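**Q** Sharing a sequence plus its predicted fold:
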Protein chains: 2
Amino acid sequence: MRILPALLSALLISAPLAAQTPTEAAHAKIAEDYNRIVAEIAELTEIPAPPFKEAARGARYLQMMQAVGLQDVKQDEIGNITALRPGRNRTAKALVVSAHLDTVFPEGTPIFVQRDGNILRAPGIGDDTIGLASMLAWVRAMDTAGIETERDIIFVATVGEEGPGDLRGVKHLFTENPLRARIGDFISFDGSSITGITHGAVGSRRYRVTFKGPGGHSYGAFGIVNPMVAMANTVTGLYAITTPTDIKTTYAASTVSGGTSVNSIPNAITMEFDMRSRSPQNLAALEAQLLALINQSVAAENAARSTRFGEISAEPVLIGDRPAGETPADDPLVRAAAAAMTRAGYDAPLRASSTDSNIPISLGIPAITVGAGAGGGRAHALDEFISIEREPFVKGIQTGLDIVLAAAAITRD
Amino acid sequence: MRILPALLSALLISAPLAAQTPTEAAHAKIAEDYNRIVAEIAELTEIPAPPFKEAARGARYLQMMQAVGLQDVKQDEIGNITALRPGRNRTAKALVVSAHLDTVFPEGTPIFVQRDGNILRAPGIGDDTIGLASMLAWVRAMDTAGIETERDIIFVATVGEEGPGDLRGVKHLFTENPLRARIGDFISFDGSSITGITHGAVGSRRYRVTFKGPGGHSYGAFGIVNPMVAMANTVTGLYAITTPTDIKTTYAASTVSGGTSVNSIPNAITMEFDMRSRSPQNLAALEAQLLALINQSVAAENAARSTRFGEISAEPVLIGDRPAGETPADDPLVRAAAAAMTRAGYDAPLRASSTDSNIPISLGIPAITVGAGAGGGRAHALDEFISIEREPFVKGIQTGLDIVLAAAAITRD
């Protein structure tokens, strides 16, 4: 009951065996593997991978990479799983094809994959276990079709792509992992839809700032400095800034906490700030403004009220650092991906976002982030889902392979 | 070993039996009861009485009031324990002598009384079990000495004196309890030192304000309204206010919390504000300024940024309300207490604070708050302590009785 529809589908989607090109044979294998791909997505999704706790999913994925016959399958010091599929030209710079292991969901989040017709629902299923499962499908498809790529492909499952991880997996890959010297291009498959090409890296600088003061009794110590005021002046100053409109540049005063009781002047207020832009220059300028504002607000509060029990101080700690930049729209990697998508009938609008590609982009290494699959939604929400309607799903995975093959054919000097 | 020093001390402190006045006999009984008073302080202290959870201590105190022979011992609907000691003139307005049952310490705080020489240490021991134990000692002393007061004395152990309780025990006493019509004067024994007379009631108005907005992605939704800014503008506006100097009037932005993650525009920020003054007029004027500021800050933020996903709103909730006022310095109650203290060699400076007396004062009923005992410290801290050095401790409790007797002798028309 399961095998028959899969075979039928393979026959419907792929060209007749006699006339098959290697790519067509690879596509046919993906179509044939439909149920297997769905099962692997479900299996990986149900292994929790909260921020900084990707080890269990990573260990299972390492086994799966070994099972599909990849070489040099390893876990690096930070937790990334890396594996090699050699190409013809072993000295050419390699193509990295990656997906991320981690989810945004905290430890303890119940994760059970539920199927509802053509919808598969679970936290993290589209962001990004579909990417992990697609990589396995592509290796099987290339092997079945006997495809040898021009360049080596290094498959990487990264840790720490989501917010708090601050791209620590991909940062490690490009700064510590011995493979870093071999990387010529980088593709992150992230998300469940082939709906565009992320070539712009929205960078971010994030700060946690603790405003400290002596604190005291709200009545008895009235008139002394209050860190709440330094915090408030920083916020009002930040929100008076008009950011450049040439390249979108944003800020947010995001979280705040502090104070001990309603009848006490607080001794510490902690606030988190987020700043983002695709322009490194805009981002740096905004960051300088924020840091100056913090200093000004602290000085103003120390001047405005009594410091007889102590002064206000502020300690900004950088808690997020994602470099900004862009892979040029006319780079061969962007053009190859766009061509593969257009050929399959998809639009290929260029976009900017914050993904694993931020790191190679910041290092001048061509990188894009794309999706594979037939769409989904509610990423980062408990009711996250992907569509697994057979034909568009298979076509989405096949087109992902087309992008990989086109990128692997690029030769760089 | 325990009884002998107590008897010796009683003989040393009290006058020779032959020449004893009733007051001297009462003082002698207090001196004789030294160990018993200390034991009762320890017993009551070790029955936890967190805010809103005074029931266990109240039940035990009710038994103790019955055991010392007080009449009409009752627990009222809110949890106060009340008891009567009739005077000669049963139609005259009565004197209330009170102490509070509750502590500031949350449920689960370990409370074990530790003796270290003349120091008795435990959370809540001076604030206010020493007051509760003193009332029992005074009843025994008056009975032993055969003292009949002019007016009835109503002994009250109140609930909810501390911060979050918001004086709910004494509020109930003066608004719901049938005894309220009988009360002519009010003394709260609160704390471990006879160091002054609190005749001024520092009032407070406290608000918890939740600033709400639509929230959204820090990059994707940049440009929409942020409740953090409305909060910040309220704080900077409040701290630009110069309060009147005729009667001290204070404000504090005390606690704050809100936001979901560093990469999200928050949808709710909650802040607590405290305002205090001995002047009801000053307090009301400051409160009006704060409420206006909140509205202005909300309107300014809705005007400053996009409301396409929703507007900022603010909901101020009154979480603390202690009326301000003053028992005149020349009121017979203040004068009687000051005379008793001066006679015993204590200073009697007049003070203002926020205590159970706030409520009768706000109703025009003469009220003061004083301490009994030999001092202590670290009230509201886990290392709270009282001194039980025999001679000053006994003298402190005796002087408390002198204040009670002087106040009970006041006749009001």
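**A** Structure's in. What do you need? Just so it is clear, the model here is predicted, and its values are computed rather than measured. Numbering: from 1, shown residues only, chains lettered A, B, ... in the order given.
**Q** In what element of secondary structure is A:E148 found?
**A** Using DSSP states H and E, A:E148 sits in no helix or strand.
**Q** Tell me how many other residues surround it.
**A** 12 (other C-beta atoms under 10 Å in any protein chain shown). All C-beta spots, glycine's among them, are computed from the backbone N, C-alpha and C.
**Q** Contact partners for the closest residue to it other than its chain neighbours?
**A** With C-beta to C-beta, 6 or more residues apart in numbering or on different chains as the criterion, A:E148 has its nearest non-adjacent residue at 5.7 Å, and that residue is A:R88. A:R88 sits next to A:148-151 when contact means C-beta atoms under 8 Å, 6 or more residues apart in numbering or on different chains.
**Q** if I look at A:N80, how far off is B:F273?
**A** Using C-beta to C-beta, to the nearest Å, one gets 49 Å for the distance from A:N80 to B:F273.
**Q** Just the buried subset of the contacts of A:R88, please.
**A** A:149, A:151 (16 or more other C-beta atoms under 10 Å in any protein chain shown).
**Q** What is the nearest of the contacts of A:R88 to chain B?
**A** Relative to chain B, the closest of the contacts of A:R88 is A:R151; by C-beta to the nearest C-beta it sits at 33.8 Å.
**Q** Any idea what the closest one is bridged to?
**A** Per DSSP bridges, the residues bridged to A:R151 are A:N89.
**Q** so it makes contact with A:A408?
**A** Yes: applying C-beta atoms under 8 Å, one finds A:R151 in contact with A:A408, separated by 5.3 Å.
**Q** Name the residues contacting each of these two.
**A** Residues touching both A:R151 and A:A408 (C-beta under 8 Å, 6+ apart): A:87, A:95.
**Q** Which parts of the stretch 1-150 of chain A are strands?
**A** For the stretch 1-150 of chain A, the strands defined by DSSP state E, counting those that start in this stretch occupy A:71-75, A:81-85, A:94-100, A:114-116, A:119-121.
**Q** what's the second one packed up against?
**A** Under the contact definition 3 or more C-beta pairs under 8 Å, 6 or more residues apart in numbering or on different chains; DSSP states H and E, strand A:81-85 sits against helix A:55-67, strand A:71-75, strand A:153-158.
**Q** Next secondary structure after the longest helix along chain A?
**A** Counting residues, the longest helix found in chain A (DSSP state H) is helix A:280-304. The helix or strand immediately downstream of helix A:280-304 is strand A:313-322, counting by DSSP H and E.
**Q** residues in contact with that next one?
**A** Contacts for strand A:313-322 (C-beta under 8 Å, 6+ apart): A:163, A:166-167, A:201-213, A:227, A:230, A:234, A:272, A:274, A:291, A:294-295, A:297-298, A:354, A:358, B:262.
**Q** near chain B, which residues of the stretch 251-400 of chain A?
**A** Contact residues, the stretch 251-400 of chain A versus chain B (C-beta under 8 Å from any C-beta of the partner chain): A:251-266, A:269, A:272-274, A:276, A:304-305, A:319-320, A:354.
**Q** still on that earlier bit, strand A:313-322 and the longest helix of chain A, what's the angle between them?
**A** Per axes from the mean of the first three to the mean of the last three C-alpha atoms, to 10 degrees, the angle that helix A:280-304 makes with strand A:313-322 is 170 degrees.
**Q** Give me the buried stretch members for helix A:280-304, please.
**A** Neighbour counts over helix A:280-304 (16+ other C-beta under 10 Å) mark A:280, A:282-283, A:285-287, A:289-291, A:293-294, A:297-298, A:300-302, A:304 as buried.
**Q** And for stretch A:263-283?
**A** A:263-280, A:282-283.
**Q** Could you do stretch A:382-392 as well?
**A** By 16+ other C-beta under 10 Å, the buried positions in stretch A:382-392 come out as A:384-388, A:390, A:392.
**Q** In TSV: those, plus secondary structure and pLDDT.
**A** Below are the buried residues of stretch A:382-392 laid out as TSV (DSSP: H, G, I helix; E, B strand; the rest coil; pLDDT from 0 to 100):
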residue	secondary structure	pLDDT
A:E384	coil	90
A:F385	strand	94
A:I386	strand	95
A:S387	strand	96
A:I388	coil	97
A:R390	helix	97
A:P392	helix	96
